[in-house]
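A.B. asks: Structure of the sequence below:
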Amino acid sequence: MKVAHMKFSKYTGKMDRLKFNFSEDSFNRLFPFYILIDDTLKIKEFGKSLAKICPQIEISFSFVDFFEISRPHLENPTFQELVFNSNQLSVIKCKKSEISLRGQFELVDDSLLFVGSPWFQSMTDVVEKKLTLHDFALHDPLLDLLHVLNNQENNSKELKELLTTINNQKNKLKQANKEIHDIALFPTQNPDPLIRIDINGNLLKRNPAAEKLSSFVHDGIHYETEDFFKFIITKIDLDKERFIFETQTEGKDFSFVCKTLKEEGYVNIYGRDITEQKKAQEELNRLSLVASSNENGIVFTQPGGKIFWCNDAYTKHSGYSKEEILGKTPIEIGIIEETDRVELKKMTSSFFNGQPFDVELKHGRKHGTSFWAKIKGQPILNSNGEVIQFFAMIEDISLKKRYDESLQIEKEKYRSIIANMNLGLIEVNKNDEITLVNQSFCDISGYTEDELIGKKASKLLLTQESQELVKSKENIRNKGVTDSYKVKVKDKEGRKRHWLISGAPNFDENGKVIGSIGIHLDITEQKEQEEQLYLLSLIADKNINAVIIADADGKIEWANKSFIDMSGYSMEEIIGQKPGHLLQGEETNPETVSYMKDRISKGLPFKCEVINYSRQGEKYWVSVQGQALYNKKGEIVKFFAIEENVTKKKELEQQREFLVDSLAKSNKELEDYAAIVSHDLKSPLRSIHSLISWIKEDNDKQLNEQTTQYLSMIENKVEKMDHLIEGILTYAKIDKVDVTLEKVNTQEVIQNIINIIHIPNHISVSITTDLPVIDADKFRVQQLFQNIIGNAVNYIDKPIGTVEVSCIEEPKNFIFSIKDNGPGIAKENQEKIFKIFQSLEKSDKSTGLGLSIVKKIIDTYNGEIWIESEVGQGTTFFIKLNKQ
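C.D. replies: Take a look at the predicted model:
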C-alpha cells in the first residue's frame, strides 16, 4: 500500500522536485506509531504498533474523540489549529489507554501526519503492553533509555538496602545515646520534679524530687499519683511539641511542661514550683486593674459570687467598710427596692454563665441613699478556660443620668413646639405606623388624633400611586437622607387633596433610624389654580373671545358682550337658559352633543367643535372649551365655557391676572411656609445650643470625657440642622427675589472665593484662563461658583488635589468649567446630585442643598449645567450662561 508521497529538493542551480514513495511495511518500520488524519479530523491510517497500545482504534474514527492534545494544550482542536502547531514538539494522549505519545504533526498534501513514539516510565510498562523490540523503530532511543533507567532502579535498590543497614546501626547508636541522656536527665540532686510516662499514662521513670509527689489536686479533684498521670495523658496534645498544664500537689502550685517523643513512645514532663510566682502575679493583676481605673469601684469575687477583695473607691461609693463588704455578694451589698430587676437578672445570668456583662441600675448605700451605677463585669479564666474569679468595675453615673433626664425634658419641650406648629406634622415608625401627629395635621386630614395613632399612614391617607412613591423613600431614609416631594391623598371624607411633604429620618439616642418625620402643607388650591391658569393660557394662545358662565345645573348666569354679539340674543333672553337649547340646530352633530353632556355630568373638562345658530338663524362653527369650578368641599358650583373669536383681549387678561394673583398668593404661602419652618425650628435649636453651653460652663470640671463627647455631638447636630434650615431658606428665595443685572467680573468673584473659603494645604485651586465680565446679580454669581468650588474641595480624596476654573467664549454664550480630581460621580447618580437634599456621601459638611441652589440660580438665568465624570478620576462641571 502506498502510504505517502514525500517531496524533497536539492540545490542544482534551479529547484528540481523529487518524490519518494513508501510501502506500508517500510513506512511502519520507520514510524510504527504514526497516525494520518484528513481535514475533517477522521483517522485515515495508523501504524501497526499503535494498535497494540490503543487496541480500540479503528479507521474513520474521530481523532479528537480518541486522543487529546496535552502539549500544546488544545481543548477542542480544529484541523487549522493542528496545522498551525505543526513542525514543533507535540504530546498526544490516548483517552482509552491513558498512554502518551511524543512527536510532531506535519502537513502532507491535504492531510496531517503525526509521527512519534510512546512515552513509558519503565520497562515494566513496555512488557505490560506486550511490546517487543520489533515494535519500535531502530532509530527510536526509548528502549535504550528504559534500559538505563532499569539499571538505575537496580542500583537504587542496592543503595536502599545499604541505607537500611546504616539506619539499623544508627538506631542502636541512638538507643545508647538515650541511655546516656537519661542518666543526665534524671540526676538525683535536681530539685525540680522530672517524670516520664508512656502514651497510656503509665509511669516509666521519676527523679527523687518527683517521687516525693504522692498525690495531686486538679480542678478541685484529688488524684493519687498513678491515677493522675493516666488522667492527664488524655488532656495532653501528643501532636504538639510542647504542652503545658498547671496543677496542685503537696499544697503548692506547679507548672508542668510536656515534651512528646512519639518515635520513642513516651512523654517527658518537667515540673516547676510556681506557688510564689502565681501569688505575685495575681496580686499584680489586681493592683494593675485598680490602678487603671482608681476613681471607680473595683471588686473581685469567687465563682460563687462572694467578694474577697475591693478597693477604697468601692467602699466610698457604697458607704460600707471593707470588713462589712468582704464575704458578701455584690447583690447583698447593693440591692434596693428601686433596683431594676430586668437589669439585675441580666447581670446575674451572665455571671453564672461565665459571661461578661454591662448593666446600669440603682445601687444602694449603707445609710439608705443610692446612686446610679454602671457595672461592667469580666470573668477571669484559668489555662483551661474555666472561671476561677470574677472582676467587676462599678462607676457612679448619677451625674450623667441627671444630664440625660434634663436633655429628655428639653427634647419633650422641643417635640411640644413641633406638635403645635401651624404645619401638619406626623411621625411614623419603620412599620409605617403613626406614632405622633399635631393638630394642624388633624385639620388637613380630617381625622382626630385617636383615629390616626397606630394606623398605617400610607394605607390610610395615600392614593395607590403615592403609596408607591413613599415606599421608594425607605432606602434613602435608612441612609439618613432628607428630601421634599408632592403626593396625592384622600382625607377622611374621601376627597382627593394635594400635599407637599418635607420628609426626614427619625433617629434614636444611638443614631439608629427608627422611622421618619414629615411636615405637610396642603397645596390643593394652588394646584387647582395652576391648572386653571394653564387652561386659560392655552385659551389666550388660541385667541378665544367669547365667555359664558353657568350655574351647577348648566343654566347661563352671565355672558360677555362678544357672546351677545355672536349669538344675537340679549342678556335677558339668555339668563336661565341652557346654551344647547339656544344655539344647537338640525346640523349639530348628535355625537358631539352626547360627548359634552357626558363630560359635563361627570364634572370633567371638555373641548370640541360644534355648529351653533344665532337668534336670526345664522349658522356658525365654534371651538368650545369648558371647565367645572369646585368649592373647597369638592362640589361643583359653576361651569364656564369659552368660544373662539368672541372674548375680548382685555377680559382674557383680567382672567389671567386674577389667576396670576392667586398663584402669587400661593407662592407667598410657600415662602411663609419656609419662614415658619425656619422660625419654629431654629428657635428651639438656639435654646438647645444655649442650654448645652450653660451645662458645660456650670459643670466644667465635673463632666467626664464621655459626657463631654455626648454634648459636643449634640452641638454638632444642632449646628448642622441650623445650616440645613438656612439652606432651605436660600433655596426657597432664589427665584422669588427680583433679579438685578449689573456688570460682574467673574475673575474677581472667583479669586475672592479662593481667598475666603477654607482650602486644605494638599489642595490647590487655580484659574487657568481669563474669565469674562457678565451681566448678572453679583451675589447669585458668588453663590453659584462658591457652592461648586467648595463642593469640589470638600470631596477631593487624593493626596494632591487640584481644582481648575476656566471659560471659553461662544458667539452667544460663556461656558465655564470647574474641573477637579476627586472621587468622581457614577453615571447613574449624575442627575440626582442637582435634586434637593440629595447627597451621594453622608457628611457633616453636606446639607444636600448646595448643588440644588446652583441649579436653581442657573435656571433663573435660563442657563444650562451638566457634568462629565469618571469614577475615581474626577469631575468637570460645565455652566452655560447667555451673554444677554
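A.B. asks: Residue 255 contacts residue 270, doesn't it?
C.D. replies: No. Using CB atoms under 8 Å, residue 255 is not in contact with residue 270; the gap is 9.2 Å. Every residue, glycine included, has its C-beta placed from N, CA and C.
A.B. asks: Can you name the residues that contact residue 793?
C.D. replies: Residue 793 is in contact with 757, 758, 759, 760, 763, 765, 801, 803, 820, counting by CB atoms under 8 Å, 6 or more residues apart in numbering.
A.B. asks: what do you get if the cut-off is 7 Å, keeping everything else the same?
C.D. replies: 757, 759, 763, 765, 803 (CB atoms under 7 Å, 6 or more residues apart in numbering).
A.B. asks: and residue 641, what element?
C.D. replies: strand 636-644 (DSSP states H and E).
A.B. asks: what helices or strands is that strand leaning on?
C.D. replies: Judged by 3 or more CB pairs under 7 Å, 6 or more residues apart in numbering; DSSP states H and E, strand 636-644 is in contact with strand 544-551, strand 619-630.
A.B. asks: Show me what the helix or strand just after the first one is in contact with.
C.D. replies: Put plainly, it is strand 544-551. Where DSSP H and E defines the elements, the next helix or strand beyond strand 544-551 is strand 556-559. Contacts to strand 556-559, defined as CB under 7 Å, 6+ apart, come from residues 547, 548, 549, 550, 551, 571, 574, 575, 576, 577, 579.
A.B. asks: if you set the cut-off to 6 Å instead, what comes out?
C.D. replies: 548, 549, 550, 551, 574, 575, 577 (CB atoms under 6 Å, 6 or more residues apart in numbering).
A.B. asks: remind me which residues of the stretch 701-850 of the chain are low pLDDT?
C.D. replies: 716-739, 836-849 (pLDDT under 70).
A.B. asks: Where neighbours are concerned, which of the contacts of residue 793 has the most?
C.D. replies: Greatest neighbour count in the contacts of residue 793, by other CB atoms under 10 Å, goes to residue 803: 24 neighbours.
A.B. asks: Just checking: what are the partner strands of the helix or strand harbouring it?
C.D. replies: Using DSSP H and E, residue 803 maps to strand 801-809. Sheet pairing for strand 801-809, assigned by DSSP bridges, gives strand 763-767 (parallel), strand 813-820 (antiparallel).
A.B. asks: nearest to residue 436, of these?
C.D. replies: strand 813-820 (43.1 Å; CB to CB).
A.B. asks: after the closest one comes which helix or strand?
C.D. replies: helix 850-860.
A.B. asks: re earlier: point out the most buried one among the helices and strands packed on strand 636-644.
C.D. replies: strand 544-551 (a mean of 20; mean count of other CB atoms under 10 Å).
A.B. asks: Contacts for that strand next, please.
C.D. replies: With CB under 6 Å, 6+ apart, strand 544-551 has contacts from 556-560, 562-563, 566, 638-647.
A.B. asks: for stretch 428-446, same thing?
C.D. replies: 419, 422-427, 449, 452-458, 491-493, 515-516, 522.
A.B. asks: what's the closest residue to residue 458 other than its chain neighbours sitting at in phi/psi?
C.D. replies: The shortest distance from residue 458 to any non-neighbouring residue, by CB to CB, 6 or more residues apart in numbering, is to residue 467 (4.6 Å). Backbone torsions for residue 467, taken as degrees, to the nearest 10, come to phi -60, psi -40.
A.B. asks: wait, which of the strands paired with strand 801-809 is closest to residue 215?
C.D. replies: So among the strands paired with strand 801-809, strand 763-767 is nearest, using CB to CB, at 75.8 Å.
A.B. asks: Can I get the helix or strand that comes right after the closest one in CSV, CA atoms only?
C.D. replies: Counting by DSSP H and E, the next helix or strand C-terminal to strand 763-767 is strand 773-776. Output in CSV follows, covering the C-alpha atoms of strand 773-776 (Å, rounded to 0.1, in the frame of the first residue of the first chain):
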residue,chain,number,x,y,z
VAL,A,773,-17.4,90.2,32.7
ILE,A,774,-21.1,89.1,32.6
ASP,A,775,-24.5,90.8,33.2
ALA,A,776,-25.9,89.2,36.3
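A.B. asks: After strand 773-776, which helix or strand is next?
C.D. replies: Downstream of strand 773-776 (by DSSP H and E), the next one is helix 778-795.
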